[in-house]
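S.K.: Mind looking at a prediction? Sequence and model below.
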Amino acid sequence: MTKPPQGDAGDQMPDPAGHEEEAKWRRFAAGIGIGTAASALLWIGAFNMPSNTLLNVVIGLACVIVPGTKLVVAASLMSRPDSRPFGAGLLASLGTGFLVLAGTCAASLIRAQ
């Protein structure tokens with residue numbers, strides 16, 4: 001019979017499957033955190049900028065480019081098994097980014113009254 005692998009202190013080695021599962025959740029959380037932070041910076045910054053024609057054009061383009069880039073990067077990351085959790089988190093951050101947009105719109109309307 002073979003003995004299970006043992007560590008330095010004679011204890012059994014930790015379960016690598018549990019560690020891998022925890023790492024996947026960390027990568028998912030990192031993806032959703034980074035994506036949500038990018039959206040929050042964009043939407044909150046866009047609503048607090050002064051009115052300027054050139055600035056409005058740049059922010060308008062950023063409002064299309066940032067979510068589009070997040071979608072393309074998330075799709076490409078999800079095609080690789082090792083980076084799939086980060087891509088899924090980035091994809092989920094699209095939804096939280098739109099929630100940030102809705103909250104910023106509501107705050108702007110309340111402030112305008």
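M.R.: That came through, no problem.

S.K.: name the helices or strands packed onto the longest helix along the chain?
M.R.: Assignment by DSSP state H gives helix 16-47 as the longest helix of the chain. Judged by 3 or more C-beta pairs under 8 Å, 6 or more residues apart in numbering; DSSP states H and E, the packing partners of helix 16-47 are helix 53-78, helix 84-112. From N, CA and C alone the C-beta is placed, and that goes for glycine too.

S.K.: Burial-wise, tell me which of those helices comes out on top.
M.R.: helix 84-112 (a mean of 16; mean count of other C-beta atoms under 10 Å).

S.K.: circling back to that earlier point, which of the helices and strands packed on helix 16-47 sits closest to residue 47?
M.R.: Closest approach to residue 47 among these (C-beta to C-beta): helix 84-112, 5.0 Å.

S.K.: Give me the angle between the closest one and helix 53-78.
M.R.: 150 degrees (axes from the mean of the first three to the mean of the last three C-alpha atoms, to 10 degrees).

S.K.: Check the offset of helix 84-112 from the chain's centre.
M.R.: 11 Å (C-alpha atoms, centre = their mean, to the nearest Å).
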